[in-house]
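Undergrad: Let me see the structure of the following:
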Amino acid sequence: MYSDCTHADPDRQIRGCTSVIERGKQVSRKNRAIAYFNRAVAYRKKGEYDRAIADYTEAIALDPNDAIAYSNRGVAYKKKGEVDRAIADHTKAIALDPNDAIAYSNRGAAYKKKGEVGRAIADHTTAIALDPNDAIAYSNRGVAYKKKGEVDRAIADHTTAIALDPDYAIAYFNRGVAYRKKGEYDRAIADFRTALEINPSDQDAKEGLKRLGVTP
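TA: Numbering: from 1, shown residues only. Prediction:
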């Protein structure tokens, strides 16, 4: 039962965690919070964001100091398009754990979605300061720089992300978009092709090549 609640398969994880939760107060408050959290993770993997949010909320009620539960719920809210709620949850997570680089990176992504590019860049910069090996934060900051019109900075950030994680297909795609905006089409094509080599189902990279007149 407990092992299933941490299983990699989301359906099995949901069944295992549900069995723990249904035992109610026979299970410690801490373990019930963990079960709700793990089931929320499984629901989020399946794209069932309302259920994920409900379970993160239960986990938070049982453990109000769980910064990761707040940040994860914020990600689910962002997936639903509820950006202000996402920002509020990431802000709470940061208040509980000011050294949580992922919470800053997640809040930065939410700010970018809201169009607050300056705040997005600031949060990703803080995330990078806390974790200089965070390839995702670099690439996300690169996207924000491009949105701001600072294309060279965008390219530099995506290049750093790729150096940190050479198999990071999204970073190649994002750098390709920045190169295309700069008019460096050969470099854009090369990056889109590399993204496709890493992830052959990358529809964005395929579309990027098509826009440059290249058959994927």
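
Undergrad: Relative to the whole chain's centre, how far out is the longest helix along the chain?
TA: In the chain, with assignment by DSSP state H, the single longest helix is helix 29-45. Remark: helix 29-45 is offset 18 Å from the chain centroid, using CA atoms, centre = their mean, to the nearest Å.

Undergrad: any idea of the mean pLDDT in it?
TA: Averaged over helix 29-45, pLDDT sits at 94.

Undergrad: same thing with stretch 172-191?
TA: For stretch 172-191, mean pLDDT is 97.

Undergrad: Extract the C-alpha set from that stretch and format it as CSV.
TA: The C-alpha coordinates for stretch 172-191 follow below in CSV (Å, rounded to 0.1, in the frame of the first residue of the first chain):
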residue,chain,number,x,y,z
TYR,A,172,17.6,24.1,-28.4
PHE,A,173,14.1,25.0,-29.7
ASN,A,174,14.0,28.2,-27.7
ARG,A,175,17.5,29.2,-28.9
GLY,A,176,16.4,28.4,-32.5
VAL,A,177,13.4,30.8,-32.1
ALA,A,178,15.8,33.5,-30.8
TYR,A,179,18.2,32.9,-33.7
ARG,A,180,15.3,33.1,-36.1
LYS,A,181,14.2,36.4,-34.6
LYS,A,182,17.8,37.7,-35.1
GLY,A,183,17.8,36.6,-38.7
GLU,A,184,20.4,33.9,-38.2
TYR,A,185,18.4,31.3,-40.1
ASP,A,186,21.1,28.6,-40.5
ARG,A,187,21.7,28.6,-36.8
ALA,A,188,18.0,28.4,-36.2
ILE,A,189,17.6,25.5,-38.5
ALA,A,190,20.5,23.7,-36.8
ASP,A,191,18.9,24.1,-33.4
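
Undergrad: Find the centremost residue of this protein, please.
TA: Closest to where the C-alpha atoms of the chain average out (CA atoms, centre = their mean) is Asn106, at 6.1 Å.

Undergrad: before we move on, what SS does that one have?
TA: helix (DSSP: H, G, I helix; E, B strand; the rest coil).

Undergrad: can I assume it is in contact with Ser71?
TA: Yes: using CB atoms under 8 Å, Asn106 is in contact with Ser71, at 5.6 Å. For every residue, glycine as well, the C-beta is placed using N, CA and C.

Undergrad: Show me whatever sits in contact with both of the two.
TA: His90 (CB atoms under 8 Å, 6 or more residues apart in numbering).

Undergrad: any idea how far Ala101 is from the residue sitting furthest away from the middle of the chain?
TA: Ranked by distance from the centre of the chain (CA atoms, centre = their mean), the top residue is Gln26, with 34.8 Å. Counting by CB to CB, to the nearest Å, the separation of Gln26 from Ala101 is 37 Å.

Undergrad: Give the residue spans of the protein that score low on pLDDT.
TA: Per-residue confidence for the chain (pLDDT under 70) gives these ranges: 1-2.

Undergrad: can you map out the helices along it?
TA: According to DSSP H, the chain carries its helices in the segments 10-22, 29-45, 49-62, 67-80, 83-96, 101-114, 117-130, 135-148, 151-164, 169-182, 185-198, 203-211.
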